[in-house]
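# Show me how the following folds:
(one chain, ligands or ions: 1)
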Amino acid sequence: MKNKRPSLAVEIAGIKLKNPVMPASGTFGYGEEYAPFIDLERLGAIVTKGLSLAPKAGNPTPRIAETISGMLNAIGLQNVGVDAFIQHKLPFLREINTPVIVNFFGNTLDEYGEVARRLSDIPEVAGVELNISCPNVKQGGIVFGTDPKAASEVVGLVRKHLKKPLIVKLTPNVTDISVTARAAEEAGADAICCINTLTGMAVDVKTRRPRLANKTGGLSGPAIRPVAVRMVHQVVQAVKVPVIGVGGIMRPMDALEFLIVGAKAVQVGTANFVDPAVMMTIIDGIEAFCVEEGITDIHQLIGSLQL
Ligand SMILES: Cc1cc2nc3c(=O)[nH]c(=O)nc-3n(C[C@H](O)[C@H](O)[C@H](O)COP(=O)(O)O)c2cc1C
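Predicted coordinates:
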């Protein structure tokens, strides 16, 4: 009995994951880029870079600035567009025995609906992650993500066009994230993912100019983890659907914090840039912790927070 491996399998909105660890959108390309570094089949899921209807060039450079304990990015949702993704990126992912979750956004409400419709009939897409939370571009969904009424409208529209599990990704740039979480759930979200980046700014003191061409960007990395853990805790209390926690996970113990407050799965973003194999270490570390604690099933850990 002693050597029996704990079960790390979880289910999110009907998607069966071998373990609760997956990359955060925008930090893992379309999956293929990381194939030389890690075994993609060990991941719980693969989450791809956010797609729009037409290809998007993103913001002018510089669009990355390192900060203490984190980074600012203003990539501006650069991507190949939904049709090129289906044609050129999916064939690689099809061969990997790991569920593919496709992150997407729209420039308008209609565009959100149209991208959802195009992804709906693609069998290799296990589920979609609707980004209503990008702070770097005006049309990155932040308008939808910060207003519960608009969030409800866009989630409802996507729900109408989509025959797949729907994960809604929320912005932390609001006063009370549980309000938008509930609005998304009521409008048809099968799961909630939180958080996206926090709006920030960094200034070069010599030139006295912003370090990002876009002036402001999204702060990610360890600096945001306590904020993310607090928000995931709040959202878990506010909704019945499963919650995916993301924000500043660098080590196995960081992922465990999110699981303990009730996240059913976690996403790893900025840490992938520091160590492309970090998700393997995180999966191993979660398993080792379970063995050490006598946990035979990860569900014994999820939501085990003592208050
Ligand atoms: C360079 C970069 C690009 C990102 N692109 C996207 C994106 O396309 N869609 C999205 O929903 N989130 C995007 N994000 C946000 C991440 O998915 C994640 O929510 C955020 O970085 C917090 O997690 P972390 O601290 O582990 O990086 C991006 C983040 C970074 C750093």
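
# Contacts only, for Gly248.
Residues near Gly248 by Cβ atoms under 8 Å, 6 or more residues apart in numbering: Gly70, Ser220, Gly221, Pro222, Ala223, Ile224, Arg225, Pro226, Ala228, Asp254, Thr270. C-beta: built from backbone N, CA, C; applies to glycine.

# Next: Asp176.
With Cβ under 8 Å, 6+ apart, Asp176 has these contacts: Gln234.

# roughly how far apart are it and Pro91?
For Asp176, the distance to Pro91 equals 43 Å [Cβ to Cβ, to the nearest Å].

# Could I get the contacting residues of the closest residue to Glu32 other than its chain neighbours?
Distances taken as Cβ to Cβ, 6 or more residues apart in numbering place Phe92 nearest to Glu32, at 4.8 Å, with adjacent residues excluded. The neighbours of Phe92, taking Cβ under 8 Å, 6+ apart as the test, are Tyr30, Gly31, Glu32.

# Can you report how many residues lie near the last one?
Burial of Glu32 is recorded as 17 neighbouring residues (other Cβ atoms under 10 Å).

# quick one: which of the contacts of Phe92 is nearest the ligand?
If you rank those by distance to the ligand using Cβ to the nearest ligand atom, Tyr30 comes first, at 11.2 Å.

# Report pLDDT for that closest one.
Here the pLDDT value assigned to Tyr30 is 96.

# Just the element for it, please.
When elements are assigned from DSSP states H and E, Tyr30 belongs to no helix and no strand.

# same thing with Arg230?
Assigned by DSSP H and E, Arg230 belongs to helix 225-238.

# Show me which residues of the stretch 151-300 of the chain sit near the ligand.
Within reach of the ligand by Cβ under 6 Å from any ligand atom, the stretch 151-300 of the chain has these residues: 169, 196-197, 220-221, 224, 246-249, 268-270.

# and Gly70, how far is that from Ala223?
Gly70 is 4 Å from Ala223, by Cβ to Cβ.

# Of those two, give the one with the bigger neighbour count.
When Gly70 and Ala223 are compared for neighbours, Gly70 comes out ahead with 21 against 18, by other Cβ under 10 Å.

# who are the neighbours in contact with the residue lying closest to the more buried one once chain neighbours are set aside?
Spatial nearest neighbour of Gly70, excluding adjacent residues (Cβ to Cβ, 6+ apart): Gly221 at 3.2 Å. By Cβ under 8 Å, 6+ apart, the contact list for Gly221 reads Thr67, Ser69, Gly70, Met71, Gly248, Met250, Gly269, Thr270, Ala271.

# 10 Å instead?
The neighbours of Gly221, taking Cβ atoms under 10 Å, 6 or more residues apart in numbering as the test, are 66-73, 197, 247-250, 269-271, 273-274.

# Return a ChimeraX selection command for the buried portion of these.
Listed next is the ChimeraX selection for buried residues among the contacts of Gly221, using 16 or more other Cβ atoms under 10 Å:
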select :67,70,71,72,73,197,247,248,249,250,269,270,271
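
# Please list all residues in contact with whatever residue of the stretch 151-300 of the chain ends up closest to the ligand.
Nearest to the ligand in the stretch 151-300 of the chain, going by Cβ to the nearest ligand atom, is Gly269, at a distance of 2.4 Å. Under the criterion of Cβ under 10 Å, 6+ apart, the neighbours of Gly269 are 23-28, 47, 71, 73, 196-197, 220-221, 224, 246-250.

# Repeat the analysis, applying 6 Å as the threshold.
Ala24, Thr27, Ser220 (Cβ atoms under 6 Å, 6 or more residues apart in numbering).

# Among these, name the buried ones.
Buried positions within the contacts of Gly269, assessed by neighbour count (16+ other Cβ under 10 Å), are Ala24, Thr27, Ser220.

# So which of those belong to strands?
Secondary structure defined by DSSP state E assigns Ser220 of the buried ones among the contacts of Gly269 to strands.
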